[in-house]
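Enquirer: A predicted structure for the sequence below; I have some questions about it.
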Amino acid sequence: MRIWHQSFTVLEDLPDYRAAMEAHIRKVVRPDTEVVMHGLIPGTYTSNYPGSDLAYGSLYTIHGMQWIVQALKAQHAHFDAFAMATLPNPLIREIRALVDMPVVGYGEASFHLACMLGHRFGLLVFIDRMIPLFREQIDSYGLTTRCAGIEPVGFTFQDVLPAFRDPAPLIARFETSARALIAKGADVIVPGEMPLNILLAAHGISRVDDVPIVDGLAVTMKMAEMLVDLRRSVGLSQSRHGWNGAAPRPERVDEVLAFYGLNRLFDK
């Protein structure tokens with residue numbers, strides 16, 4: 001099985017983060033699963049921090065165009081699944097209509113699994129301006145009544161990077177924020193953006209008191225494996241019914257990408 005891992009970061013800008021993700025992925029996937037790491041195109045952002053752009057809905061959507069191209073590249077390279085290792089799952093519904101493989105998003109998969117681990121989940125995020133996006137997504141999944149709250153975690157991506165060398169202070173700050181959400185009724189915590197997820201997983205933080213912490217990267221990869229297995233064993237695959245699920249002709253997709261100049265991204 002081959003899984004295309006896709007990050008919202010430019011991985012070349014973050015070698016330590018990439019190495020931490022690779023190590024954790026290797027720990028959780030099966031020995032016969034190959035996961036190939038991919039980020040966005042070098043130069044996408046003005047720094048190594050995507051959040052300066054992703055805090056704006058307009059730029060988030062424009063950058064999401066790269067995800068469509070990356071998913072199509074994954075299909076052309078005969079990968080078995082496309083794993084979106086980012087909380088907001090950009091254009092996931094549209095991508096599922098364009099490719100014939102399982103597509104798994106960290107946010108969507110983690111929220112649904114959290115509802116199997118407890119009655120209500122809470123979400124902690126870096127960028128409070130993105131909270132409305134996550135509320136809309138959770139509502140679209142039919143999980144609004146299962147969400148106890150979405151709150152800023154109280155620190156940023158730039159705080160997490162050095163914490164890989166000295167994690168204790170930041171982990172303590174995370175636990176304080178998690179306990180505040182637990183007090184609001186969260187039975188499960190989704191730790192938000194992937195760098196924080198990796199920091200916690202790398203240091204064995206799987207619970208705060210009696211409440212589980214969802215390891216979103218592990219969930220994303222194991223869900224991808226499961227969906228590939230179900231497709232192979234019983235033929236279970238994405239719906240092609242209706243406006244959201246219907247797949248356009250590949251030839252027309254190529255024409256539209258070329259019209260908007262997005263086909264040039266295939267060579268990046």
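Expert: In hand now; what should we look at?
Enquirer: how close does the closest residue in space to Met101 that isn't next to it in sequence sit to Phe164?
Expert: Sequence neighbours aside, Ala81 is the residue nearest to Met101 in space, at 5.6 Å (criterion: CB to CB, 6 or more residues apart in numbering). To be clear about C-beta, it is placed using only N, CA and C from the backbone, and glycine gets the same treatment. Distance, Ala81 to Phe164, by CB to CB, to the nearest Å: 28 Å.
Enquirer: higher neighbour count, these two?
Expert: Ranked by neighbour count (other CB atoms under 10 Å), Ala81 and Phe164 place Ala81 first, with 26 against 17.
Enquirer: quick one: the helices in the stretch 51-200 of the chain, in order.
Expert: 51-54, 57-76, 92-98, 106-117, 131-140, 157-163, 168-183, 194-202 (DSSP state H, counting those that start in this stretch).
Enquirer: right, and these - which one's nearest Val29?
Expert: Proximity to Val29, assessed across the helices of the stretch 51-200 of the chain by CB to CB, is greatest for helix 194-202 (13.6 Å).
Enquirer: what about dumping the CA coordinates of that closest one to PDB?
Expert: Output of helix 194-202 as PDB, limited to C-alpha atoms (Å, rounded to 0.1, in the frame of the first residue of the first chain):
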ATOM      1  CA  MET A 194      -0.400  19.100  13.200                       C
ATOM      2  CA  PRO A 195       2.800  20.500  14.700                       C
ATOM      3  CA  LEU A 196       1.200  20.400  18.200                       C
ATOM      4  CA  ASN A 197      -0.200  16.900  17.500                       C
ATOM      5  CA  ILE A 198       3.300  15.700  16.700                       C
ATOM      6  CA  LEU A 199       4.900  17.300  19.700                       C
ATOM      7  CA  LEU A 200       2.400  15.600  22.000                       C
ATOM      8  CA  ALA A 201       2.600  12.300  20.300                       C
ATOM      9  CA  ALA A 202       6.400  12.300  20.200                       C
END
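Enquirer: check which element follows that helix along the chain.
Expert: On the C-terminal side of helix 194-202, the closest following helix or strand by DSSP states H and E is strand 207-208.
Enquirer: okay, now the sheet partners of that next one, with direction.
Expert: Here strand 207-208 is paired, per DSSP bridges, with strand 211-212 (antiparallel).
Enquirer: moving C-terminal of the strand it pairs with, what's the next helix or strand?
Expert: Downstream of strand 211-212, the next assigned helix or strand under DSSP H and E is helix 216-234.
Enquirer: how about residues contacting that next one?
Expert: 1, 3, 5, 21, 24-25, 28-30, 33, 35, 80-85, 87, 102, 104-107, 109-110, 113, 190-191, 194, 197-198, 201, 236-237 (CB atoms under 8 Å, 6 or more residues apart in numbering).
Enquirer: flag the shaky bits of the chain, pLDDT-wise.
Expert: Across the chain, nothing is flagged by pLDDT under 70.
Enquirer: residue nearest the middle of it, spatially speaking?
Expert: For the chain, Thr86 is the residue whose C-alpha lies nearest the centre (CA atoms, centre = their mean; 2.4 Å).
Enquirer: contacting residues for it?
Expert: 6-8, 105-107, 193-194.
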